[in-house]
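Q: Whatever this is, show me its structure:
(chains A and B)
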There are 2 protein chains.
Amino acid sequence: MKLKAKLLKIQAGGKNIAILDENTASSLGIHSSDRVKISYKNNHVVAIVNMATSFPRGSIGLYEETSGKLGTENGEDVEVEFAALPESLHFVQAKIRNERLRENEIESIIKDVVERHLSDIELSAFLTALYIHGLSMDEIEALSKSMVKTGATLELGRKPILDKHGIGGIPGDKTSILVVPIIAAAGFTIPKTSSRAVTSPAGTADRVETLCPVDLSVAEIREVVEETNGCMAWGGALELAPADDIFINIEYPLAIDPMLLPSIMSKKKAIGATHIVIDIPTGRGAKIKTIGEGQALAADFIDLGKRLEMNIQCAITFGEQPLGNAVGPALEAREALSAIQGNGPSDLREKAAALAGILLEMAGKENGKQMAQELLKSGRAEKKLREIIQAQGGDPDVKPEDIGVGNERSEIFADKDGEVLWVSNENVAKIAKEAGAPKDKGAGMLLKVKLGDHVKQGQALFEILAERNAKLESAARLADKLQPVGLSKRPEDRMLIERIPTPVIHRKTFVLER
Amino acid sequence: MKLKAKLLKIQAGGKNIAILDENTASSLGIHSSDRVKISYKNNHVVAIVNMATSFPRGSIGLYEETSGKLGTENGEDVEVEFAALPESLHFVQAKIRNERLRENEIESIIKDVVERHLSDIELSAFLTALYIHGLSMDEIEALSKSMVKTGATLELGRKPILDKHGIGGIPGDKTSILVVPIIAAAGFTIPKTSSRAVTSPAGTADRVETLCPVDLSVAEIREVVEETNGCMAWGGALELAPADDIFINIEYPLAIDPMLLPSIMSKKKAIGATHIVIDIPTGRGAKIKTIGEGQALAADFIDLGKRLEMNIQCAITFGEQPLGNAVGPALEAREALSAIQGNGPSDLREKAAALAGILLEMAGKENGKQMAQELLKSGRAEKKLREIIQAQGGDPDVKPEDIGVGNERSEIFADKDGEVLWVSNENVAKIAKEAGAPKDKGAGMLLKVKLGDHVKQGQALFEILAERNAKLESAARLADKLQPVGLSKRPEDRMLIERIPTPVIHRKTFVLER
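A: Residues are numbered from 1 along each chain as shown, chains lettered A, B, ... in the order given. You can find the predicted model right below:
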């Protein structure tokens, strides 16, 4: 059927969408989500049909992605015909029915995800089905491989390539800013890519960005790594596993994360990593609640590593409270810089040395943790961090106090004597976000006390920092409500942990960082 | 934050969508699927954010739905701020995690579905989760009630109101065209609304449309029913349960149908039905495969009926083959008209009398089936059908041969002697659709033999009718491949039913008619 092209002059976010009014669609025998093949001269595009209620009859609306590929102008005739559903949609339907998918079927899905042949409706159903039914290790392997195959890769021509990844879930985890320079200073290659925050108050890319640019191209990463052995780049624009960026946008409103393993491991494979330490913070307010759960996840990472020919070790780490004292991009970068200079909180230095130590031992060194500690103490790790900052275009002489943080500040004090019984990861993250993090880089929270500390009435528990007064006030109000730091003289005096139903039900905190 | 309104001059199919470029969204701290509150003068709209890759910075793209509600012009400044996720989304997330939803939670979801506060991604996840986890009868009841509450209702001021519904799944089921006039001729009220085909070669609305207009308003239905006791209207534009129309568009590409019960029953409740017979065709190629499955579904219908204060009886009917001989809108209308005149296939007349009989007995009559048969035989049912056709604006004197059917015809002949062992519902539907049904109203199939018939080599098995030769040829090729009519001298000579894997895997035929 001949229809008039109506160019919409906007992009559809990469999606292949064509708009038809209901009557025109019906006379083509087409329902919403059906596909049409649109032809103009020798160009053909298959697009997914969206229905509009009052779109002009006999017209087809084309977003820029589609009109560009067709080379058509506004008002020209295009030939439109019904196109069969993509084969991958039948595999998505099979997964909804809990069938096991084979490697070629998963590859067909991922290819169509990247080429935008599957709609948001179909992807949402696929991810929901994966979340509910779970994935077999064969499916996880096939997803990982397909995601590598459909993305860019980094070829450094070096071996081994070391890497470190934290699965997230506790605020203030700035370990990577110490681990990368330690490993690079030891002479090993570590081309670290990180993400920005999705649901947390800061991602590693947000933190590092207050020290130097992070938006590097693949070519720039290669340059920085050749010069310094390491880098701390934002992975988002590298297209290392572009399917994952599409998945994250779907998972975010649903608060589900079925692609954790393939997402992380495909990106590691894409940068050519050979030896990786995976940090699994474990604690009540963390993404992974119990050590048993952490061990099960670790076994999956290690199994998947073997299937993808990567050497994996996992670190189950203490995650009952935030790491260090600082939460928020600039505050955390400050703290990391202090720590690499030998100051800053001891839990951060200890964790960084432990993880770097594992990596060094995986790469053949002995007494890895001791070696990492010496690289910290000798100043060689700090020197390496400054080299990397310079190579990425930042100021190599930056001092912690140069990093700007919020001027609006409010301290919260203890209303009684007691011991710190808990510091809630969830609530600290909520308050830091309410203060403006990660968007306002200088916003966040500084913990003045940690688990087990003895506190006197009137002593400061934490400080909230914000860039704007309104945000500070709203974060302070939230802090007052959430009471993120729990005090008691003895645990026996405070037996009630939670009352159910709480005033707000069904709102589980969701961490989508990987 | 102030942004410039950029009016997109098209509708988004009723959806509340705002478009932001990635950088502007990031500076608002907003991810794709987040909500923004847009304010202009004293008007406020909450819209779901879609990301565009190259949309002008500092602008917000507004579809007509949104710009209309705001009353803003192109290029004007609007105030845009982050808005919290709707509460119903937390309930959707809870359902994904397999929590049981309470009535007020389901009502909140359905309200937000109708008001378009939930995105396609979120609805898709909700329906997928319902499909996989299943629904409790409490949830089904709450969904049904909420769907009635958010839609239009028909108030006839009469009692009882009878109705008949077939859950679909076998081609050629034109029973309603006989049942409605029988019931109306008996003096009972039956305001029947039907749907058009979604995945089948004909829906009741498609069939009736070849006899008279079906696109009636609520007021027109009231007029027709007051005049004739019955009607046969298209339900689509009546907004009886508008949430369901939104759900169907999501379910269609996913080939899932979790809303079968609430969808059917909410529409029956909305027209005020008090006594309903539900037809559950049962057979290998039907939607319901076994009698046990049919009984379980019947129990659910009856239970739900009690909860909604409607008297329900179910009829498990023989669904191993298409009903009657004709498949396709016009061919079926012809056959129904013949049957009500006393001709046509006996299975159709028998089924119509049986179902009408149940309804008559539910309404207090004795020997319902006999009464129905007498109304058929006496011509009173035919007379009533012609009254309804006239009241809806059709020709009351229409003869079967007046209804136009496809001129392109091709007969398929038996290549051997044998008994008809099966007539595949699925394959008959596929061939009729390939011939052009339901879009081409005159297209379809005429079966010349039915189950158990003895066939001689060279005898016609069926005929394909199409409006265009290309369609006829492609349907004939498909018929040759699918062999919808299975012949054998004795069952023992044909033991292999299916070979697995078949050339095409994972393609289950899906029936979305309700």
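Q: Show me the shaky parts of the stretch 201-350 of chain A.
A: Counting by pLDDT under 70, the stretch 201-350 of chain A shows no low-confidence range.
Q: the helices in it, which residues?
A: Secondary structure of the stretch 201-350 of chain A (DSSP state H, counting those that start in this stretch): helices located at A:204-208, A:218-228, A:242-254, A:260-270, A:291-307, A:329-340, A:346-362.
Q: can I get those in a markdown table with distance to chain B and mean neighbour count?
A: Where C-beta positions appear, they are placed from N, C-alpha and C, glycine not excepted. Shown next, in a markdown table, are those (distance: least, CB to the nearest CB, whole Å; neighbours: other CB atoms under 10 Å in any protein chain shown):
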| stretch | distance to chain B | mean neighbour count |
| --- | --- | --- |
| helix A:204-208 | 11 | 28 |
| helix A:218-228 | 19 | 17 |
| helix A:242-254 | 4 | 22 |
| helix A:260-270 | 16 | 25 |
| helix A:291-307 | 16 | 16 |
| helix A:329-340 | 13 | 28 |
| helix A:346-362 | 27 | 22 |
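Q: These: which one's closest to residue A:388?
A: Comparison of those against residue A:388 by CB to CB identifies helix A:218-228 as nearest, at 5.0 Å.
Q: Let's see the closest one as PDB, backbone CA atoms only.
A: What follows is helix A:218-228, C-alpha atoms only, in PDB (Å, rounded to 0.1, in the frame of the first residue of the first chain):
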ATOM      1  CA  VAL A 218      38.600   3.700  23.000                       C
ATOM      2  CA  ALA A 219      41.700   5.300  21.300                       C
ATOM      3  CA  GLU A 220      42.200   7.600  24.300                       C
ATOM      4  CA  ILE A 221      42.000   4.700  26.700                       C
ATOM      5  CA  ARG A 222      44.700   2.900  24.700                       C
ATOM      6  CA  GLU A 223      46.900   6.000  24.900                       C
ATOM      7  CA  VAL A 224      46.400   6.500  28.700                       C
ATOM      8  CA  VAL A 225      47.000   2.800  29.400                       C
ATOM      9  CA  GLU A 226      50.100   2.700  27.200                       C
ATOM     10  CA  GLU A 227      51.500   5.700  29.100                       C
ATOM     11  CA  THR A 228      50.500   4.700  32.700                       C
END
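Q: What is that helix packed up against?
A: With contacts taken as 3 or more CB pairs under 8 Å, 6 or more residues apart in numbering or on different chains; DSSP states H and E, helix A:218-228 sits against strand A:190-194, strand A:230-234, helix A:380-391.
Q: Those: which one's closest to chain B?
A: Taking CB to the nearest CB, strand A:230-234 is the member of the helices and strands packed on helix A:218-228 nearest to chain B, at 12.2 Å.
Q: Please list the outside residues in contact with that closest one.
A: The contact list for strand A:230-234, computed with CB atoms under 8 Å, 6 or more residues apart in numbering or on different chains, reads A:176-177, A:180-181, A:183-184, A:189-196, A:204-205, A:208-209, A:214-216, A:220-221, A:224-225, A:384, A:388, A:391-392.
Q: Just want the angle from that strand to helix A:380-391.
A: Interaxial angle of strand A:230-234 relative to helix A:380-391 (axes from the mean of the first three to the mean of the last three CA atoms, to 10 degrees): 50 degrees.
Q: CA atoms only: put strand A:230-234 into PDB for me.
A: Taking C-alpha atoms only, strand A:230-234 is exported to PDB below (Å, rounded to 0.1, in the frame of the first residue of the first chain):
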ATOM      1  CA  GLY A 230      46.000   2.100  33.900                       C
ATOM      2  CA  CYS A 231      43.000   4.300  33.400                       C
ATOM      3  CA  MET A 232      39.600   5.200  35.100                       C
ATOM      4  CA  ALA A 233      37.300   5.800  32.200                       C
ATOM      5  CA  TRP A 234      33.500   6.100  31.900                       C
END
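Q: Could you tell me the angle between it and strand A:190-194?
A: 20 degrees.
Q: CA atoms only: put stretch A:311-323 into PDB for me.
A: The C-alpha atoms that make up stretch A:311-323 are tabulated as PDB, following Å, rounded to 0.1, in the frame of the first residue of the first chain:
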ATOM      1  CA  ASN A 311      40.400 -16.000  35.600                       C
ATOM      2  CA  ILE A 312      38.000 -14.800  38.300                       C
ATOM      3  CA  GLN A 313      38.400 -14.600  42.100                       C
ATOM      4  CA  CYS A 314      35.700 -13.100  44.300                       C
ATOM      5  CA  ALA A 315      36.000 -11.100  47.500                       C
ATOM      6  CA  ILE A 316      33.100 -11.300  50.000                       C
ATOM      7  CA  THR A 317      33.600  -8.000  51.800                       C
ATOM      8  CA  PHE A 318      32.100  -6.500  54.900                       C
ATOM      9  CA  GLY A 319      29.100  -4.400  53.800                       C
ATOM     10  CA  GLU A 320      27.100  -3.700  56.900                       C
ATOM     11  CA  GLN A 321      27.800   0.000  56.700                       C
ATOM     12  CA  PRO A 322      29.100   2.500  54.100                       C
ATOM     13  CA  LEU A 323      32.800   2.400  53.200                       C
END
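Q: Perfect, that will be all.
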